[in-house]
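Student: Turn this into a model:
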Amino acid sequence: MMLALAVAACGGGGSSSSSSTTTPASTAPKAGGSLTVLEGAGFAGDWPAGLDPATNINGAADQSYMDAIYGELFELGPKGVIVNDLATGYSFSNDAKTITIQLRQGVKFTDGTPFNATAVVWNINRDLKSACTCKPTWPVKSVTATGPYTVQIVLAAPDGAFIDQIFDSTADWIASPTAVQKMGEKAFAAKPVGAGPFVVVSDTYSSELVLKKNPDYWEKGKPYLDSLTFKTVGSDEAAYEAMLAGEGQVYEDMSTPSLLKLAAQKFNVENQLSTSPYDLQLNTKTAPFNNKLAREAIYAATNFAPILQHVFDNLYPVTQGFTGPGGICYEPTVPGYPPYDLAKARSLVQQLGGLTVSLGTIQNLVAQETTEALQTEWAAAGIKTTIHNYPLAALIAQFTSDKWQAMVQTAGSYDPAAGVGVGFRFSSMSPFSGVHDPHLDALLNQAAGTAQMSQRCALYNQAAAYIAQQYYGPFYFGFAPANVAVKGVTGPGITEPLPAVVVTPTILWEDVANNNS
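Tutor: Below you'll find the model as predicted:
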């Protein structure tokens, strides 16, 4: 059974001790003021089902809103440090099947009800029953409150990456049980109640979310901002123009190289270290990629170097595996990885009697440019390609239909066992995978269940080599969009790099300040 497809990042075993990030005295944050954050439509700018963790359908795409409203049990801080937020520590049993989490005492939800072990257990059990594909998929035997502020989770199999998998899973965001039960799920999704740094003022789905400071937030002096507003924009270009016009102070996830160059002349541009390589997913359940020769032809016909140069201006490092330079177990060169070989590709296509591919991706400019470049490259090998671009909800529907053939997607997390890590794209248990291979499943399960990091990485290296041998999906480069902010706005993820949790980092909004206010 696949151990983890929850949304995530890294850390390791043991217990953490830091409680917040720090800022040098020379750039000490200023309290007060407001901030407007722009989010791109098609990914982070969409929350069509609201912001209840158990009913939200976009998962980690909405991580900024979730962090601001609910806070997190644990955060992924600078340099991969686990930051205690609403939890204060954790421990593993010797067999890595039992995880004990200690919670922060004296915290209340913004409706005045207590944040405690009972509330956390209620949330995790509810998340596990959620219909959302973004729910945690741990092999849970039981979740219990063993004390007023202690939660114990017992698993059916060892999971050395469990804490890494909590980051940005729905289990990391704790809703007020009283508010959910009193308001009902539909009303709660529109005006959720958490114990995070901000409180919802108004919520216009996939358009604008207005938040105000939580005056009773557990960490005194935070959040720095009095108000925080998120607004959806149509594209990188629209976001850039809005920032020039003063209509926003931060834009998350800019990926257009030409605009990044322009933005760097006027704003702070924080380039995060990638943990999520682009991957060309092939659906082995259906034709043509249930035929290994067709998959081999795609590898031989694909040359990512010119795409990286012409579409992405060589901003990102080429990689042959499912990890990036910002994550753990990074392996840029995989032994036995099939090289680009146009003559071989042509021969394989002729042997197949022709090859026609339906190629999809998310509705994003650079992703679309990538599919167009692939279409041109493959044509030289005799491969005919039709291109489809989907907004996030429609993209998810394509995956769950099992009728797709090939998809350009990101495939990685800070820890490969977490988030959109290797299991998300390559495990038989994932609805977002085109691969159904018991041997690969066993390798991934063994790696995720291993607490010793060197052993985990050795197993992941084996998995990367096996994926290449079976031609299950070529990798491009380690992609990470940048966060753009006006000068004077500070905080982790804005003026200090953060590891990408799921493609992008989770900005820790309680630590963000607008020193221009």
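
Student: State the pLDDT value of the spatially closest residue to residue 62 that is not a sequence neighbour.
Tutor: Here the nearest residue to residue 62 in space, its sequence neighbours aside, is residue 47; by C-beta to C-beta, 6 or more residues apart in numbering that works out to 5.0 Å. Glycine gets a C-beta too; all of them are placed from N, C-alpha and C. Per-residue confidence for residue 47 comes out at a pLDDT of 95.

Student: now do residue 13
Tutor: The per-residue pLDDT reported for residue 13 equals 31.

Student: just residue 26 next, same as before
Tutor: Among the per-residue scores, residue 26 holds a pLDDT of 47.

Student: same check, this time on residue 175
Tutor: Note on residue 175: pLDDT of 98.

Student: ok, it - how many residues close by?
Tutor: 27 (other C-beta atoms under 10 Å).

Student: show me the residues around it that make contact.
Tutor: 52-54, 70, 123, 188, 192-194 (C-beta atoms under 8 Å, 6 or more residues apart in numbering).

Student: Now with 6 Å, please.
Tutor: residue 123 (C-beta atoms under 6 Å, 6 or more residues apart in numbering).

Student: Next: residue 58.
Tutor: Contacts here follow C-beta under 6 Å, 6+ apart; on that basis residue 58 touches residue 46.

Student: correct me, but residue 141 touches residue 156?
Tutor: Yes. Applying C-beta atoms under 6 Å, one finds residue 141 in contact with residue 156, separated by 5.3 Å.

Student: Show me the beta-bridge partners of residue 484.
Tutor: For residue 484, the beta-bridge partners under DSSP bridges are residue 251, residue 269.

Student: Would you agree it is in contact with residue 253?
Tutor: No. Because the distance of 9.2 Å does not satisfy C-beta under 6 Å, residue 484 is recorded as not touching residue 253.

Student: More neighbours: which of the two?
Tutor: Neighbour count, other C-beta under 10 Å: between residue 484 and residue 253, residue 484 has more, with 28 against 24.

Student: Can you check the pLDDT for that one?
Tutor: According to the prediction, residue 484 has pLDDT 98.

Student: List the contacts of it.
Tutor: The contact partners of residue 484, taken as C-beta under 6 Å, 6+ apart, are 251, 254, 263, 267, 269.

Student: all strands of the stretch 401-517 of the chain, in order?
Tutor: Using DSSP state E, counting those that start in this stretch, the strands of the stretch 401-517 of the chain run over 406-410, 475-479, 482-485, 489-490, 513-514.

Student: any idea which of those strands scores lowest on pLDDT?
Tutor: strand 475-479 (a mean of 87).

Student: What helices and strands are in contact with it?
Tutor: Strand 475-479 is packed against strand 276-282, with contacts defined by 3 or more C-beta pairs under 6 Å, 6 or more residues apart in numbering; DSSP states H and E.

Student: what lines up beside the strand it packs on in the sheet?
Tutor: According to DSSP bridges, strand 276-282 has the following sheet partners: strand 406-410 (antiparallel), strand 475-479 (antiparallel).

Student: Pipe those into TSV and attach mean neighbour count and distance to residue 516 per row.
Tutor: As requested, the strands paired with strand 276-282 are exported to TSV (neighbours: other C-beta atoms under 10 Å; distance: least, C-beta to C-beta, whole Å):
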stretch	mean neighbour count	distance to residue 516
strand 406-410	24	33
strand 475-479	25	31
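
Student: Just put those in CSV and tack on distance to residue 302.
Tutor: Shown next, in CSV, are the strands paired with strand 276-282 (distance: least, C-beta to C-beta, whole Å):
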stretch, distance to residue 302
strand 406-410, 11
strand 475-479, 9
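
Student: Please identify which of these is closest to residue 219.
Tutor: Ranking the strands paired with strand 276-282 by distance to residue 219, with C-beta to C-beta as the measure, places strand 406-410 first at 32.1 Å.

Student: Number of residues surrounding residue 184?
Tutor: Neighbour number of residue 184 under other C-beta under 10 Å is 10.

Student: again, but for the one 10 residues further on
Tutor: Residue 194 has 28 neighbours, counted by other C-beta under 10 Å.

Student: now the worst-scoring helix or strand of the chain on mean pLDDT, how far from the chain's geometric center?
Tutor: Ranked by mean pLDDT, DSSP states H and E, the helix or strand of the chain with the weakest confidence is strand 475-479, at a mean of 87. Relative to its chain's centre, strand 475-479 lies at 15 Å (C-alpha atoms, centre = their mean, to the nearest Å).

Student: Dump the C-alpha coordinates for that strand into PDB.
Tutor: Coordinates of each C-alpha in strand 475-479 appear next as PDB, following Å, rounded to 0.1, in the frame of the first residue of the first chain:
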ATOM      1  CA  PHE A 475      12.200  14.600 -16.700                       C
ATOM      2  CA  TYR A 476      13.100  18.100 -17.800                       C
ATOM      3  CA  PHE A 477      14.500  20.500 -15.300                       C
ATOM      4  CA  GLY A 478      14.000  21.600 -11.700                       C
ATOM      5  CA  PHE A 479      11.300  24.300 -12.000                       C
END
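
Student: What lies in contact with that strand?
Tutor: By C-beta under 6 Å, 6+ apart, the residues outside strand 475-479 that reach it are 274, 277-279, 304, 308, 316-320, 324-325, 410.

Student: again with stretch 465-472
Tutor: With C-beta under 6 Å, 6+ apart as the test, stretch 465-472 has contacts from 295-296, 299, 334-337, 435, 440.

Student: just wondering, since we're on residue 504, how far is it from residue 94?
Tutor: Residue 504 sits 35 Å away from residue 94, taking C-beta to C-beta, to the nearest Å as the criterion.

Student: Revised request: answer the last question for residue 432.
Tutor: Computed as C-beta to C-beta, the residue 432 to residue 94 distance reads 33 Å.

Student: Of these two, which one has the most company?
Tutor: More neighbours surround residue 432 than the other of residue 432 and residue 94, with 21 against 8 (other C-beta under 10 Å).

Student: Not counting its neighbours along the chain, what's nearest residue 141?
Tutor: Distance criterion C-beta to C-beta, 6+ apart; nearest residue to residue 141, sequence neighbours excluded, is residue 154 at 4.5 Å.

Student: Burial check on the one you found, number of neighbours?
Tutor: Other residues within reach of residue 154 by the criterion other C-beta under 10 Å amount to 15.

Student: ok, now which ones touch it?
Tutor: Taking C-beta under 6 Å, 6+ apart as the contact definition, residue 154 lies against 98, 141-142.

Student: got TSV for those residues, with pLDDT, secondary structure and neighbour count too?
Tutor: Supplementary listing: those in TSV, determined by pLDDT from 0 to 100; DSSP: H, G, I helix; E, B strand; the rest coil; neighbours: other C-beta atoms under 10 Å:
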residue	pLDDT	secondary structure	neighbour count
98	97	strand	17
141	97	strand	12
142	98	strand	12
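
Student: Same list, these, but as CSV with distance to residue 419 please.
Tutor: Converted to CSV, the contacts of residue 154 look like this (distance: C-beta to C-beta, whole Å):
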residue, distance to residue 419
98, 23
141, 23
142, 24
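
Student: Among the residues you listed, which one sits closest to residue 356?
Tutor: Sorting the contacts of residue 154 by how near they are to residue 356, with C-beta to C-beta, puts residue 141 at the top with 46.8 Å.
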